[in-house]
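Q: attaching a predicted model along with its sequence, questions to come.
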Amino acid sequence: MNILLFGKGGQVGWELQRSLSLLGTITALDHDSTEHCGNFANPAGIADTVRALRPDVIVNAAAHTAVDKAESEPDFARTLNATTPGVLAEEVARLGAWLVHYSTDYVFNGSGSQPWVETDATGPLSVYGQTKLEGEQLIQTSGCKHLILRTSWVYAARGGNFAKTMLKLAQERERLTVIDDQFGSPTGADLLADVTAHALRHLQQRPQDGGLYHCVAVGETNWHAYASHVIQTAQRLNPAQVIKATDIAPVPSSAFVTAAKRPHNSRLNTAKLQSTFGLTLPHWQQGVDRMLAEIQ
């Protein structure tokens, strides 16, 4: 199997280079790759890359993920999150190949408290969410064989993430304020990569199982409880490190002014994914604790 991976430098892209290596030969590209175009700001260049390499599978881990910045550059966000994935899907359809693409809980309006299922009505609150939804729709209408995984609250040991930020602040400040009215499931980039590889093996035998799925770790939390867990676990793993924060105060989303509105309910129901692909997903704390052990 010849695999073309876009976005190799991101958290998910980095892990995909590991998980996909068991399936075949990988050509991994990023926005600054030189031999072939991997820059999603250049849709024509991406199309040329696909035509030149003619892969069996394309995995797209490239995206505009700066949620607040997208509000001030909607055209650029749309190119990266919708236009280019749509072009990619058209090329994949011509090849008869597979396209794996990652989307987000931000396609929903964040209302209620029940985990969203794949068939729920969408209603993005931000440019980021809208452009990611447009990307999904362009892929689905292209007719290409595809697997779209919606996920949320992605982290990895490599690169920056919420847990690392909270741990750093806890070492510098005596009091932290953290939002407690947004709910979701922290999901490791390694988990997404492993699910992707497993699903691709499955789809080679059962191509009819392609489509749209939700993929997050099991359980739910809010940012305040997540931060508290991170700090407590880090202290347990490394008692010698100095933690100044003795007060982690819960606050509503309104306490922080952001350019993009965040959904309050980012819970995603993964029953369809688990039953279709025969998976048992781990609890979110398991992956977070392992990540913390790795960075201590």
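A: Yes, it's here.
Q: contacts only, for the closest residue to residue 256 other than its chain neighbours.
A: Excluding the flanking residues, the one nearest residue 256 by Cβ to Cβ, 6 or more residues apart in numbering is residue 179, at 6.7 Å. Just so you know, the C-beta spots here come from the backbone N, C-alpha and C atoms, and that holds for glycine as well. Neighbouring residues of residue 179 by Cβ atoms under 8 Å, 6 or more residues apart in numbering: 222-224, 250-253, 255-256.
Q: rerun that using 10 Å as the cut-off
A: When contacts are counted by Cβ atoms under 10 Å, 6 or more residues apart in numbering, residue 179 touches 222-224, 226-227, 250-256, 262, 264.
Q: which two among those residues are spaced furthest apart?
A: Maximum pairwise distance in those, criterion Cβ to Cβ, is 19.0 Å, between 226 and 254.
Q: the two: who's more crowded?
A: Using other Cβ atoms under 10 Å, the more surrounded residue of residue 226 and residue 254 is residue 226, with 26 against 8.
Q: pretty sure the more buried one is in a strand, no?
A: No - with DSSP: H, G, I helix; E, B strand; the rest coil as the criterion, residue 226 is helix rather than part of a strand.
Q: list the contacts for it?
A: By Cβ under 10 Å, 6+ apart, the contact set of residue 226 is 153, 155, 162-163, 166, 178-180, 182-186, 284-285, 288.
Q: now, which of those residues sits nearest residue 116?
A: residue 184 (10.5 Å).
Q: check the burial of the residue nearest to residue 89 when sequence neighbours are not counted by counting its neighbours.
A: Closest residue in space to residue 89, ignoring its immediate chain neighbours: residue 142 at 3.7 Å, by Cβ to Cβ, 6+ apart. Residue 142: 20 surrounding residues under other Cβ under 10 Å.
Q: with the one 4 residues further on instead?
A: Using other Cβ under 10 Å, residue 146 has 24 neighbouring residues.
Q: hmm, it is touching residue 93, no?
A: Yes - counting by Cβ atoms under 10 Å, residue 93 is a contact partner of residue 146 at 9.2 Å.
Q: could you pull out the strands for the stretch 51-200 of the chain?
A: 57-60, 98-104, 145-151, 154-155, 175-179, 183-184, 187-188 (DSSP state E, counting those that start in this stretch).
Q: what lies in contact with the last one?
A: So that's strand 187-188. Residues from elsewhere that reach strand 187-188, judged by Cβ under 10 Å, 6+ apart: 11-12, 15, 105, 151-157, 161, 194-195, 215-218, 268, 281-282, 284, 286-288, 290-291.
Q: and the residues you listed, which are buried?
A: For those, a burial check counting by 16 or more other Cβ atoms under 10 Å picks out 11-12, 15, 105, 151-157, 161, 194-195, 215-218, 268, 281, 284, 287-288, 291.
Q: is residue 5 located within a helix, as I assumed?
A: No - Residue 5 sits outside any helix when classified using three-state DSSP, being strand.
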